[in-house]
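Trainee: Quick one, structure for this:
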Amino acid sequence: MMQIHPVILCGGSGTRLWPVSRKAVPKPFLPLVGDETLFEQAVRRVAGDDRFAPPMVVAGADHADLIMAQLGDTPGARLVVEPCARNTAPAIALAACLLPEDAVMLVCPSDHHIADRDAFLAAALAAAALARENYLVSFGIAADRPETGYGYLQRGAPLAGGYAIRRFVEKPDLARATEYLASGDYSWNGGIFAFRAGHLLAELAAYRPDMARLVAEAVKGGITDGARFHPASEPFAAIVGASIDYAVMENTARAAMVPADMGWSDIGSWAAIAEALEGAADASGNLARGKGAVDFAQCKDVLALTDGPRVSAVGLEGVCIIVQDGEVLVTTREAAQLVGKLPGALVQ
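Mentor: Model prediction:
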């Protein structure tokens, strides 16, 4: 069987997990869940398995050195250095242009947590099989609660190893999310994809011809420097950016999904961190992290992380307390999605 080519996307401004995540070192490159960084986990998830080729990473220049350091001695790894950020569709198209037409790409964000590697690999193999049949495949994450922060995929007709996608649904309100969960027909859109490189580029040319043309020009004019590839900046900067969902997935007639129940989290907020670490919580659901001392009294479901100063919490429930580099964040879990809009996060 032909190898699957992992494509790991690194981007983002690092605001949602402020004050620990910063623009200079955003969340993919931090050990937020376990001793390894989320990026290192993404690389290791497919390492040492002959079914997978060496990874190709797509990222901006600001984090190129950090990525190369965390890749370490990963054999055959390549880094595509984007001249500027243009969202996920151009980033994925860059990788597709650098791969053989028949190569199957497994596109993974660099900042997600996946607890069950075996379930991930099973879903990846099922998705690759559909991609070889010229389906554009999303991972449909098993929904276990009426989440309003994610997009949803509605299942359509059964396929070998998956389903056609009947429709894509943007982030719903709580009432609709509750209906989706009860129906059993919907999965979360986890932002993990499998494509045959040539077919993806053909679909992109059909729906976003200017983007496809400019990406091709950027690759043609690019320069290889060891393990790094630098696309030509002028054509790439001219691209009108779009996500892969908007540019291709919501337009194609060949959209498919594979169900994946793999302990997934996008680690998109401090509440998500607390959920991912809940196995390490005390009997009251409290979690202490960091170098400094943490004391809880009559607390429930409190996450406290400190890089030095003592944190003492009394009588609190469902709260996250983060102390880092002289900054202090206190938020309820319900409001944690708003952290990235705070002035401190925006002016880092």
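Trainee: average model confidence for stretch 238-255?
Mentor: Average pLDDT, stretch 238-255: 96.
Trainee: Would you indicate which residues of that stretch are buried?
Mentor: Using 16 or more other CB atoms under 10 Å as the test for burial, stretch 238-255 gives 239, 242-249, 252, 254-255. C-beta: built from backbone N, CA, C; applies to glycine.
Trainee: Just the ones in helices from those, please.
Mentor: Counted as lying in helices by DSSP state H, out of those, are residue 244.
Trainee: I'd like the buried residues of stretch 238-255 as TSV, with distance to residue 228 appended.
Mentor: What follows is these, written out as TSV (distance: CB to CB, whole Å):
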residue	distance to residue 228
239	20
242	25
243	25
244	23
245	28
246	29
247	25
248	26
249	29
252	31
254	33
255	33
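Trainee: From the buried residues of stretch 238-255, pick the one nearest residue 338.
Mentor: Using CB to CB, residue 243 is the member of the buried residues of stretch 238-255 that lies nearest residue 338, at 21.8 Å.
Trainee: right, and the closest one touches residue 88 too?
Mentor: Yes - taking CB atoms under 8 Å as the definition, residue 243 is a contact partner of residue 88 at 5.0 Å.
Trainee: Need phi/psi at the residue nearest in space to the middle of the chain.
Mentor: By CA atoms, centre = their mean, the chain has its centre lying nearest to residue 109, at 3.0 Å. Note on residue 109: backbone dihedrals following degrees, to the nearest 10 are phi -60, psi 150.
Trainee: Enumerate every residue touching it.
Mentor: 8-9, 42, 191-192, 266 (CB atoms under 8 Å, 6 or more residues apart in numbering).
Trainee: Okay, and the beta partners of it?
Mentor: Counting by DSSP bridges, residue 109 is bridged to residue 9.
Trainee: Which pLDDT value belongs to it?
Mentor: At residue 109, pLDDT is 97.
Trainee: Residue 1 too?
Mentor: 67.
Trainee: And for residue 159?
Mentor: On the pLDDT scale, residue 159 gets 98.
Trainee: And for it, the neighbour number?
Mentor: Here the count is done by other CB atoms under 10 Å, and residue 159 has 17 residues near it.
Trainee: Quick check: beta-bridge partners of it?
Mentor: Beta-bridge partners, per DSSP bridges, of residue 159: residue 162.
Trainee: Residue 127 is in contact with that one, correct?
Mentor: No - look at residue 159 against residue 127 with CB under 8 Å: they stay out of range, at 10.9 Å.
Trainee: which strands and helices sit next to the longest strand seen in the chain?
Mentor: If you go by DSSP state E, the chain has its longest strand at strand 186-196. Where contact means 3 or more CB pairs under 8 Å, 6 or more residues apart in numbering; DSSP states H and E, strand 186-196 is packed against helix 88-97, strand 104-109, helix 117-132, strand 136-141, strand 152-159, strand 255-260.
Trainee: which of those sits most buried?
Mentor: strand 136-141 (a mean of 28; mean count of other CB atoms under 10 Å).
Trainee: what angle sits between it and helix 117-132?
Mentor: Angle of strand 136-141 versus helix 117-132, following axes from the mean of the first three to the mean of the last three CA atoms, to 10 degrees, is 160 degrees.
Trainee: 421 is where my numbering starts, stick with that
Mentor: Fine by me, first position is 421 from now on; the one you just mentioned is strand 556-561.
Trainee: average pLDDT for strand 556-561?
Mentor: Strand 556-561 carries an average pLDDT of 98.
Trainee: and it, how far out from the chain's middle?
Mentor: Offset of strand 556-561 from its chain centre (CA atoms, centre = their mean, to the nearest Å): 13 Å.
Trainee: In this structure, where is pLDDT below threshold?
Mentor: Within the chain, the segments meeting pLDDT under 70 span 421, 768.
Trainee: 80 - rerun?
Mentor: For the chain, the stretches with pLDDT under 80 are 421, 432-433, 768.
Trainee: domains for it, by residue range?
Mentor: Here the domain assignment for the chain is 424-685, 690-766, based on automatic domain parsing.
Trainee: and the shortest one, how far from the chain's centre?
Mentor: The reference is to domain 690-766. Relative to the centre of its chain, domain 690-766 is centred 23 Å away, using CA atoms, centre = their mean.
Trainee: for the first one, same thing?
Mentor: Here domain 424-685 is found 7 Å from its chain centre; the criterion is CA atoms, centre = their mean.
Trainee: could you show me where the strands are in the stretch 571-720 of the chain, in order?
Mentor: Using DSSP state E, counting those that start in this stretch, the strands assigned to the stretch 571-720 of the chain run over residues 572-579, 582-589, 606-616, 643-645, 648-650, 675-680, 684-685, 707-710, 714-717.
Trainee: And residue 426, how close does it get to residue 687?
Mentor: For residue 426, the distance to residue 687 equals 19 Å [CB to CB, to the nearest Å].
Trainee: Fine by me, we can end here.
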